[in-house]
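Visitor: For reference, the sequence and a predicted model appear below.
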Amino acid sequence: MTQKPSGKGPILALDLEKFRVKYGLSISSACEIFGLQRAKWTALQKTPSAVLTDNTVCILLDFYERNPGTIPIRRIINIRQHMVDLGYDPDNPTDKALFATTHGREKAASYRWDGGQGGISKPVERLIEATDRLPTESGRKKRQILESIAREVAARQGIRDPLSRGSWRKDD
């Protein structure tokens, strides 16, 4: 269903950021759907009141606002919900550490992700998407598969069980 345009007047750099936040997109994903280089996005966000001069980007923004189903990428990563879906308690420090290590990262990463203080890297984003696409509805089964693979990878890399240790660092 086509919606009416959201505003009047020229389209501003701020409108791109509002769109990104509204749809829960990472900056990289927003750049991807608008065809913008990250450096261009960064430059635009330094001056939020700047009028967008690329008419195609303006058309895309209005088009997507009126027809949200046409947005080609919907990478909305809700870390807390993903943790819950896999049976982790996002408020439990032990579970936070385990969650990060099953995703190949140190425990501090889960605190940054959960607190919105750091972006999720592309490899972690892809792993979350891949886990979500496993052919089972069971979060427990998805978690078991993820933990098993993480342990196997650690062994191949010569790293003692990072899930029990809470770290991917090699023992000294």
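Guide: Structure's in. What do you need?
Visitor: Let me know the next secondary structure element after the longest helix anywhere in the chain.
Guide: Longest helix of the chain, by residue count under DSSP state H: helix 139-156. Per DSSP states H and E, helix 139-156 leads on to helix 162-165 as the next helix or strand towards the C-terminus.
Visitor: what's in contact with that next one?
Guide: 98, 101, 102, 147, 150, 151, 154, 168 (CB atoms under 8 Å, 6 or more residues apart in numbering). Every C-beta, even on glycine, is put in place using the N, C-alpha and C of the backbone.
Visitor: Produce a PyMOL select command limited to the buried residues of these.
Guide: Listed next is the PyMOL selection for buried residues among those, using 16 or more other CB atoms under 10 Å:
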select buried, resi 98+101+102+150+151+154+168
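Visitor: how about the contacts of helix 162-165 in TSV, adding pLDDT?
Guide: Output for the contacts of helix 162-165, formatted as TSV (pLDDT from 0 to 100):
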residue	pLDDT
98	91
101	88
102	87
147	88
150	88
151	86
154	83
168	85
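Visitor: buried sites along the longest helix of the chain?
Guide: By 16+ other CB under 10 Å, the buried positions in helix 139-156 come out as 139, 142, 143, 146, 150, 151, 154.
Visitor: element containing the closest residue to residue 109 other than its chain neighbours, please.
Guide: Nearest residue to residue 109, sequence neighbours excluded (CB to CB, 6 or more residues apart in numbering): residue 100, at 4.7 Å. Per DSSP H and E: residue 100 is located in helix 93-102.
Visitor: From what I see, residue 83 and residue 99 are in contact.
Guide: Yes. Using CB atoms under 8 Å, residue 83 is in contact with residue 99, at 5.3 Å.
Visitor: These two: who's more crowded?
Guide: residue 99 (27 against 24; other CB atoms under 10 Å).
Visitor: which residues touch residue 8?
Guide: Residue 8 neighbours (CB under 8 Å, 6+ apart): none.
Visitor: residues near residue 56, how many?
Guide: For residue 56, using other CB under 10 Å, the count is 10.
Visitor: same deal with residue 122?
Guide: 12.
Visitor: Tell me which residue lies nearest the centroid of the protein.
Guide: residue 77 (4.2 Å; CA atoms, centre = their mean).
Visitor: Please, which helix or strand holds it?
Guide: Judged by DSSP H and E, residue 77 forms part of no helix or strand.
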